[in-house]
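Trainee: This is the structure alone, sequence omitted:
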């Protein structure tokens, strides 16, 4: 089946630092790609998405570009804030038997931003 | 709109006990999902439903049952809880027109 690999955490940065969280995938076909964020004690929220090659998803200063040639979808932000501290999940959408789709997630990367 | 809601938020069970987790969505979504989240493993799909009255197995269905009698509700049952089912359970839903899923706040279950 399809799979997602993302960098191990935790990642600790100072406020206003540049953030990169690496994500690579293996898939048959051309899945949609997502970044979800999970704040402490909460569910997952969609951060951004891209549905085809070279698409750039962006939201709240975060960006990620769908790179088919490197099968990657790295998350970046130019200047992180303490409020960005959370766990970030990379995911892809794949079709499953019986119709519909499922999201296949990476293991998550914890980000901690300090003053 | 409340989005996706889950009840209860927390629960402690003894081994062998049963319980049902309720997921409700008010977005008229066709698809609904149950995932479990364990440390270092991301989220794994337990069961899913592509519409009212339908259910199907995901990656880790053993020990769980589900029902989707109404479009807005998706129930996850544990007939005989085991310590290996200690986890955080998330429900999600999505519309037909998009692959993005909307998640509930989760249920933290501990089986002792």
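Mentor: Received the coordinates, thanks. This structure is a prediction, so every number in the text was calculated from the model and none was measured.
Trainee: Contact residues of chain B facing chain A?
Mentor: Residues of chain B lying near chain A by C-beta under 8 Å from any C-beta of the partner chain: B:4, B:31, B:33, B:40-43, B:45, B:48, B:50, B:54, B:56, B:58, B:90, B:92, B:99-106. Heads up, the C-betas are built off the backbone N, CA and C, glycines and all.
Trainee: Please produce a PyMOL select command covering the buried subset of those.
Mentor: In PyMOL, a selection of the buried entries from the residues of chain B next to chain A looks like this (16 or more other C-beta atoms under 10 Å in any protein chain shown):
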select buried, chain B and resi 4+31+33+42+43+45+48+50+56+58+90+92+99+100+101+102+103+104+105+106
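Trainee: Cross the residues of chain B next to chain A against strands and list the overlap.
Mentor: B:4, B:31, B:33, B:43, B:45, B:48, B:56, B:90, B:92, B:102-103 (DSSP state E).
Trainee: just how off-centre is the longest strand anywhere in chain A within its chain?
Mentor: Counting residues, the longest strand found in chain A (DSSP E) is strand A:86-95. Per C-alpha atoms, centre = their mean, to the nearest Å, the displacement of strand A:86-95 from the mean C-alpha position of its chain is 6 Å.
Trainee: now do stretch A:62-81
Mentor: For stretch A:62-81, the distance to the chain centre is 8 Å (C-alpha atoms, centre = their mean).
Trainee: related to what we said a few turns ago, helices or strands next to the longest strand of chain A in the packing?
Mentor: Applying 3 or more C-beta pairs under 8 Å, 6 or more residues apart in numbering or on different chains; DSSP states H and E, one finds that strand A:86-95 contacts strand A:3-6, strand A:23-26, strand A:33-38, strand A:101-105, strand A:109-114.
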